[in-house]
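>>> One predicted model, sequence on top.
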Amino acid sequence: MTQPHRKNLLTSVQMAQFVATGSFRMDAVVPDEMNQQAIDVLKSGIPGVPYGTPLSEAFQDSEFVQRLVQLPEIAGAIHSLVGPEPTVDHHAVHIRKAHEGEAQNLHGDAIIDVREDAFDVQLMYYPQEVTLEMGGTLSVPGSHLRRTNESDTGRYQNLLGQTRLTCPAGTVVLLHHGIWHGGRKNDSAVDRYMFKIRFNPTVRQVRLWNTDDLYDEQVARELGQYFPWYENATGRLEIYNRVKLWQAITGDDTYDPDYWVTRVSNRPRRVVAQRSLNPHAAKKEMA
Amino acid sequence: MTTAAVQQTVRQQVLVLYLASSALDSRTVGWSTYDGTGETSPTTGDSDVPPYANGLEALKDGWRLFQAAQLLPPQPGHEYDVSFLKHEFFFEKLVPVTA
């Protein structure tokens, strides 16, 4: 695949948004002409791809998917998050049938994945307009750094500030592998389609985006945001973990705008008190 | 009238609230409900508004608390990890149903 144009890469502020929320959303980024074809293409099925196939080789039998991942904004976002020539982990067409009675449990995909300096990204493409009634994907902003395994979170039905996706046709959402999500119940008379691809990086995910605004103050504001479902104390740990991830993807382990990491790792080693000033030493001498 | 005739059949409704701290009157950040009467079918992602602003409000409305999450210290070496919601409270109501 060709290198995306710099203007289509994510900015540092957008990357910080991703690190904070675990997702990046592009409304109506896929042109209508493709959205019109999509349902038929997805109904026919997308040929399987062996795990670990380079993206440029993965969809040689699906011209539609090649066009999708090569749309400039989408290619730019994929490059910014996972770098050049990621491999395709797997892909899937998800269909929530009209009046389907069941919602999926809240879950993270695959198995617990606690990598601190690497992450996979899942692309979700919605070819139709998705209304609330159609049961668009439920996701929980800022849940991606939680260390939980798959559907062990199934007990959580609703979290304050959750996203019940509604979107125009042609919307693409890119998700961190750890985000809690689930397909909602489709209460409408329309079948809902979503196409998903999981990408694995093949390079270190360090400064892969447009870093012109790396020191913009908005970066710190994005990284410092709280979400309504966070508990008071654990919410602070979320910021700590985000800063650690930002340090990893910028290659700058000094970045810590609100001192959450620095404060708890400060272990000075320099001793300045003279031995003669040690009161315990003095007592010993007197005895 | 026999004893059996006046006995009511009841079913359990369960409300789970996740609160912002270990205090029962702290704000609700998450919620789930299960209805043993079968009259309703609550499910994942069916509401954006919590049924009660905090745990105390649920008590005032007749819900009986029957379990609260323990306060456990973090495991050494995992003090900064984030995982499940910590402050989980289980409530119940016993609801009469026609047998």
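Everything's here; your move.

>>> what element comes up after the lowest-mean-pLDDT helix or strand in chain B heading to the C-terminus?
Across the helices and strands of chain B, mean confidence by mean pLDDT, DSSP states H and E is lowest for helix B:3-6: a mean of 56. For helix B:3-6, the succeeding helix or strand toward the C-terminus, using DSSP states H and E, is strand B:9-19.

>>> Can you give me the buried ones in that following strand?
B:Gln13, B:Val14, B:Leu15, B:Val16, B:Leu17, B:Tyr18, B:Leu19 (16 or more other Cβ atoms under 10 Å in any protein chain shown). The way it works is simple: take the backbone N, C-alpha and C, and place the C-beta from them, glycine included.

>>> what does the lengthiest helix in chain B rub up against?
Secondary structure of chain B per DSSP state H: the longest helix is helix B:55-60. By Cβ atoms under 8 Å, 6 or more residues apart in numbering or on different chains, the residues outside helix B:55-60 that reach it are B:Leu15, B:Leu17, B:Leu19, B:Leu24, B:Asp25, B:Ser26, B:Thr28, B:Pro51, B:Tyr52, B:Leu65, B:Phe89, B:Phe91.

>>> Let me have the buried residues of strand B:9-19 in JSON lines, adding distance to chain A as columns.
As requested, the buried residues of strand B:9-19 are arranged in JSON lines below (distance: Cβ to the nearest Cβ, whole Å):
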{"residue": "B:Gln13", "distance to chain A": "14"}
{"residue": "B:Val14", "distance to chain A": "11"}
{"residue": "B:Leu15", "distance to chain A": "11"}
{"residue": "B:Val16", "distance to chain A": "7"}
{"residue": "B:Leu17", "distance to chain A": "11"}
{"residue": "B:Tyr18", "distance to chain A": "7"}
{"residue": "B:Leu19", "distance to chain A": "8"}
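
>>> okay if I get those residues as TSV plus pLDDT?
Output for the buried residues of strand B:9-19, formatted as TSV (pLDDT from 0 to 100):
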residue	pLDDT
B:Gln13	98
B:Val14	98
B:Leu15	98
B:Val16	98
B:Leu17	98
B:Tyr18	98
B:Leu19	98
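
>>> in a strand, that's where A:Val243 is, yeah?
No - using DSSP: H, G, I helix; E, B strand; the rest coil, the assignment for A:Val243 is helix, not a strand.

>>> Reduced to three states, what does the residue lying closest to it once chain neighbours are set aside come out as?
Using Cβ to Cβ, 6 or more residues apart in numbering or on different chains and skipping the chain neighbours, the partner closest in space to A:Val243 is A:Val261 (5.2 Å). In terms of secondary structure, A:Val261 is helix; the call rests on three-state DSSP.

>>> burial measure for A:Val261, as a count.
21 (other Cβ atoms under 10 Å in any protein chain shown).

>>> Any stretches of the stretch 1-150 of chain A with poor pLDDT?
Filtered on pLDDT under 70, the stretch 1-150 of chain A yields the residue ranges A:1.

>>> so how far is A:Asn200 from the residue nearest to A:Val243?
Distance, A:Val261 to A:Asn200, by Cβ to Cβ, to the nearest Å: 28 Å.

>>> cool, and A:Tyr230?
29 Å.

>>> Repeat that for B:Glu39.
46 Å.

>>> Neighbour count: these two, which is higher?
Remark: of B:Glu39 and A:Asn200, A:Asn200 carries more neighbours, 18 against 10, as counted by other Cβ under 10 Å.

>>> What values do phi and psi take at that one?
phi -110, psi 130 (degrees, to the nearest 10).

>>> so what's it up against?
A:Gly52, A:Val82, A:Pro86, A:Thr87, A:Val88, A:Asp89, A:Asp120.

>>> does chain B sit close to the helix or strand containing the fifth one?
When elements are defined using DSSP H and E, A:Val88 is found to belong to strand A:87-96. No - applying Cβ under 8 Å from any Cβ of the partner chain, one finds strand A:87-96 separated from chain B by no less than 11.9 Å.

>>> re earlier: can you give me every residue that contacts the residue nearest to A:Val243?
A:Tyr240, A:Val243, A:Lys244, A:Gln247.

>>> Next: A:Ala28.
Taking Cβ under 8 Å, 6+ apart as the test, what A:Ala28 contacts is A:Cys167, A:Pro168, A:Ala169, A:Gly170, A:Thr171.

>>> 10 Å - rerun?
Contact partners of A:Ala28, counting by Cβ atoms under 10 Å, 6 or more residues apart in numbering or on different chains, are A:Asn35, A:Tyr126, A:Glu129, A:Cys167, A:Pro168, A:Ala169, A:Gly170, A:Thr171, A:Val172.

>>> Equivalent analysis for B:Phe90, please.
B:Val14, B:Leu15, B:Val16, B:Leu17, B:Ser32, B:Trp63, B:Arg64, B:Leu65, B:Phe66, B:Gln67, B:Ala68, B:Ala69.

>>> can you pull up the bridge partners for the first one?
Each beta-bridge partner of B:Val14 is listed here, defined by DSSP bridges: B:Tyr34, B:Glu92.

>>> so it makes contact with B:Trp31?
No - if you go by Cβ atoms under 10 Å, B:Val14 and B:Trp31 don't touch, sitting 11.1 Å apart.

>>> shared neighbours, the two?
In contact with both B:Val14 and B:Trp31: B:Pro42, using Cβ under 10 Å, 6+ apart.
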